[in-house]
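Colleague: generate a structure from the sequence data that follows.
(one chain, ligands or ions: 2)
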Amino acid sequence: MAETVFVFFVEIIIFKLKLIYGKIGIINHGGEVMKITAIEMERISVPLIRPFKTALRTVDSVEDVIVKIITDTGNIGYGEAPPTPVITGDTIGSIVGAIKEVISKNIIGMKIEDFEEILIKLDKCMIKNTSAKAAVDIALYDLFGQLYGAPLYKILGGGKKELVTDITISVNTPEQMALDSLEAVKKGYTTLKIKVGKDSEMDIKRLKAVREAVGEEIKLRIDANQGWTPKEGVRILRKMEDSGIDIEFVEQPVNAYDIDGLKFVTDNVYIPVMADESVFSPKDALTIMQKRAADFINIKLMKTGGIYNALKICSLAEIYGIQCMIGCMLEAKVSVTAAAHLAAAKSVITKVDLDGPVLCKEDPVTGGAVFTESLIKLENKPGLGIEGIKTSKL
Ligand SMILES: C[C@H](N)C(=O)N[C@@H](CCC(=O)O)C(=O)O
Ligand SMILES: [Mg+2]
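Modeller: Numbering: from 1, shown residues only. Ligands and ions are numbered 1, 2, ... in the order given. This is a model prediction of the structure:
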C-alpha cells in the first residue's frame, strides 16, 4: 500500500516537471523518437454509486486493467480496459494475457515517432481481444500527444473543449426508475439513457413512469441491450410511439448478430435505431451502413480496439451521412478521457454517452478530463493529461 502511494506521488512529480520543462523547451521531443521499453499492467477497483443493471448483466463495481507504456524518455502512456464478458467477451485474465503474451512482444522496441506502424502492428498481431488492444492504443495515443506536446483532441484535429453526456438509468421497477431519473434531472442531466429489454410489457410501463416523472423537456434515449426479438421490438416501439412517449432513439433492440432483424426494426418504426453491440470493427459499421440496418452507430473504444479503428468508423459515417454516438463500458477516467478527446475532435459524433466516471463512487485518477455530472471539460495538457492513478497489483 505504502509502495503504491509512493509510486503514485513520484509519478505526479515527474509529470509536473515534464510540464514545466516541456513549456520552457528543456525537453524538446522534436528530435526524439520515444522508444517503447516496457508495458506494465495494474488494476483499479472502484465501487459504483448504485448497481448498474442492463438486460445483459448487473455490476457493482468497476474492475479495470490499467496499462502503462514506458518509454526511454521517461514518458508514460496510460490506457485502461474493462472486462465486459457479455459484450466483448473479454475478462481481466484475457486482457492481461493478450497484452503480456502477444501485444507486448510485438510492439516493445518500436518508436512512438513511427506511430502508424505501431498501430497497424497492434491491430494485426492478433484477432479479437478488442479491450486489450484499446487499452494499448489509448496509451499509445497518450504518448503521441506527449511527443508533440499537444492535447489529444488537438492532435486529432479538434477544437471543442467541452462535451455534455447523458446518464444511464438502470433497468429496475418503473417506480425506482422514475425516482432515479428525477434525481438525475435534479443534478442537471438533460438527456437520460434508459435501460430496457427485460420483459417487454414492463418496458412500456418503465418508459411511461420515467416520462411522467421528468416531463417533456428531458431527452430520453433507450437501450434494450439485445433484449427483444425483431417482432417484439417493433411491437413495443410502436406502442411507445402510439402512447406519445417521445424517444430520441433506441439502442440495440435485437441480438448483436441479427443484422436482418436490426434492419427489420429500423424499417418498421419511426423511432431511430442505433447499432451498438452489432458494430465492433469498421467492417461491421460498413455492413450496417450499406444495408441501412440502423440509423446511428454507437462507437466504443472497447469494441473498436481503440482510437485507430474508431477514426475509420467516423470516416465511414461521414461518407454515409450517419451520425454517431461515443459510448463507454463500465470504465473509469483514463479510457473515458480518451473517448472524450475523440468526440471533441469529430463532428460526426453528435451524441455522448460517457457516464462511466460519474457512475463511480470514487475517482482513482489524477488529471485527465474533468467530469462534473453532465459536463466534461478537456484540459490543455499533452496527450490525455493523466498525472497518476491509485492502482493495486494484478
Ligand atoms: C455505461 C454506458 N452508459 C453503457 O450503458 N454502456 C453499455 C453497457 C456497458 C456494460 O454493460 O458495461 C451499453 O450497452 O451502451
Ligand atoms: Mg448500448
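Colleague: Arg206: what secondary structure?
Modeller: Of the three states, Arg206 takes helix according to DSSP: H, G, I helix; E, B strand; the rest coil.
Colleague: that one: what's it in contact with?
Modeller: Shown in contact with Arg206 (CB atoms under 8 Å, 6 or more residues apart in numbering): 171, 174, 177, 194, 196. C-beta coordinates here come from the backbone N, C-alpha and C atoms, glycine included.
Colleague: who wins on neighbours among these?
Modeller: Counting neighbours by other CB atoms under 10 Å, Val196 comes out on top of the contacts of Arg206 with 28 neighbours.
Colleague: ok, the nearest residue to that residue once chain neighbours are set aside to Glu331 distance?
Modeller: In space, and not counting its chain neighbours, Val196 is closest to Asp203: 4.1 Å by CB to CB, 6 or more residues apart in numbering. Taking CB to CB, to the nearest Å as the measure, Asp203 falls 26 Å from Glu331.
Colleague: which ones are touching the residue most central in space within the chain?
Modeller: Nearest residue to the geometric centre of the chain (CA atoms, centre = their mean): Cys328, 2.7 Å. Counting by CB under 8 Å, 6+ apart, Cys328 touches 300-302, 335-336, 339, 353-356.
Colleague: take those residues and lay them out in CSV including neighbour count and pLDDT.
Modeller: CSV is the format used below for the contacts of Cys328 (neighbours: other CB atoms under 10 Å; pLDDT from 0 to 100):
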residue, neighbour count, pLDDT
Lys300, 27, 99
Leu301, 32, 99
Met302, 30, 99
Ser335, 34, 99
Val336, 27, 99
Ala339, 29, 99
Asp353, 24, 99
Leu354, 27, 99
Asp355, 25, 98
Gly356, 27, 98
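Colleague: just those: which are in helices?
Modeller: 301-302, 335-336, 339, 356 (DSSP state H).
Colleague: helices of the stretch 51-200 of the chain, start to end?
Modeller: For the stretch 51-200 of the chain, the helices defined by DSSP state H, counting those that start in this stretch occupy 92-98, 104-107, 115-124, 130-147, 152-155, 174-186, 200-214.
Colleague: can you redo the ones you listed as TSV with distance to Leu237 and mean pLDDT?
Modeller: As requested, the helices of the stretch 51-200 of the chain are exported to TSV (distance: least, CB to CB, whole Å; pLDDT from 0 to 100):
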stretch	distance to Leu237	mean pLDDT
helix 92-98	35	98
helix 104-107	45	98
helix 115-124	36	98
helix 130-147	29	98
helix 152-155	35	98
helix 174-186	18	98
helix 200-214	10	97
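Colleague: deepest-packed of those, please.
Modeller: Scoring those by mean neighbour count under mean count of other CB atoms under 10 Å gives helix 130-147 as the most buried, with a mean of 29.
Colleague: which elements pack onto that one?
Modeller: Where contact means 3 or more CB pairs under 8 Å, 6 or more residues apart in numbering; DSSP states H and E, helix 130-147 is packed against strand 58-71, strand 76-81, helix 92-98, helix 115-124, helix 152-155, helix 301-304, helix 307-320, helix 333-345.
Colleague: that helix vs strand 76-81, what angle?
Modeller: 160 degrees (axes from the mean of the first three to the mean of the last three CA atoms, to 10 degrees).
Colleague: which parts of the chain sit against ligand 1?
Modeller: For the chain, the residues found near ligand 1 under the criterion CB under 6 Å from any ligand atom are 54, 57, 84, 87, 168, 193, 223, 225, 276, 327-330, 353, 355-356.
Colleague: who wins on neighbours among those?
Modeller: Going by other CB under 10 Å, Gly327 tops the residues of the chain next to ligand 1 with 30 neighbours.
Colleague: what's the spacing between that one and ligand 2?
Modeller: To ligand 2, Gly327 is 6 Å away according to CB to the ion, to the nearest Å.
Colleague: now do the domain split for this protein, please.
Modeller: 2-150, 154-389 (automatic domain parsing).
Colleague: contacting residues around the residue nearest to Val196?
Modeller: Contacts of Asp203 (CB under 8 Å, 6+ apart): 196-197, 224, 236.
Colleague: then Val33?
Modeller: Contact partners of Val33, counting by CB under 8 Å, 6+ apart, are 111-114.
Colleague: try it again with 7 Å
Modeller: 111, 113 (CB atoms under 7 Å, 6 or more residues apart in numbering).
Colleague: wasn't it part of a helix?
Modeller: No. Read with three-state DSSP, Val33 is coil and lies in no helix.
Colleague: if I look at it, how far off is ligand 1?
Modeller: Val33 sits 37 Å away from ligand 1, going by CB to the nearest ligand atom, to the nearest Å.
Colleague: low pLDDT regions in the chain?
Modeller: For the chain, the stretches with pLDDT under 70 are 1-32.
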